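**Q** Sequence first, predicted coordinates after that:
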Amino acid sequence: MAKRLVPLLNRVLVEKIVPPSKTTAGILLPEKSSQLNSGKVVAVGPGARDAHGNAIPVSVKEGDRVLLPEYGGTQVKLGEKEYHLYRDDDILGTLHD
């Protein structure tokens with residue numbers, strides 16, 4: 001049975017991007033060589049509500065690459081994959097090529 005998690009309110013489900021530990025030539029890279037903590041947005045909640053009941057939309061969408069804080073988020077394991085839930089406010093920015 002496949003599981004699907006739909007975040008509530010302004011929460012965002014992110015799959016962290018693990019940097020490669022080896023180059024194409026076979027050279028092993030140290031863990032500190034890649035300091036960028038990034039991930040891919042898998043699912044997005046509908047957004048929060050303000051004091052008047054108006055919807056505040058989430059600032060990212062599914063498929064975006066985002067910059068994540070070093071600490072924080074809630075770890076979620078679905079099947080064999082590991083994801084993290086963040087509030088929209090906790091995401092530092094989006095990454096573009």
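**A** Yep, that arrived.

**Q** what ranges do the strands span in the protein?
**A** Per DSSP state E, the chain carries strands over the ranges 11-16, 38-44, 48-49, 55-56, 65-67, 74-78, 81-87, 93-95.

**Q** Which strands or helices does the third one pack on?
**A** I take that to be strand 48-49. With contacts defined as 3 or more C-beta pairs under 8 Å, 6 or more residues apart in numbering; DSSP states H and E, strand 48-49 has these neighbours: strand 55-56. Where you see a C-beta, it was placed from the backbone N, CA and C, and this is true even at glycine.

**Q** So what touches the strand it packs on?
**A** Residues outside strand 55-56 that contact it (C-beta atoms under 8 Å, 6 or more residues apart in numbering) are N10, P46, G47, A48, R49, D50.

**Q** From N10, how far out is S38?
**A** Separation of S38 from N10 (C-beta to C-beta, to the nearest Å): 20 Å.

**Q** repeat for K16
**A** 20 Å.
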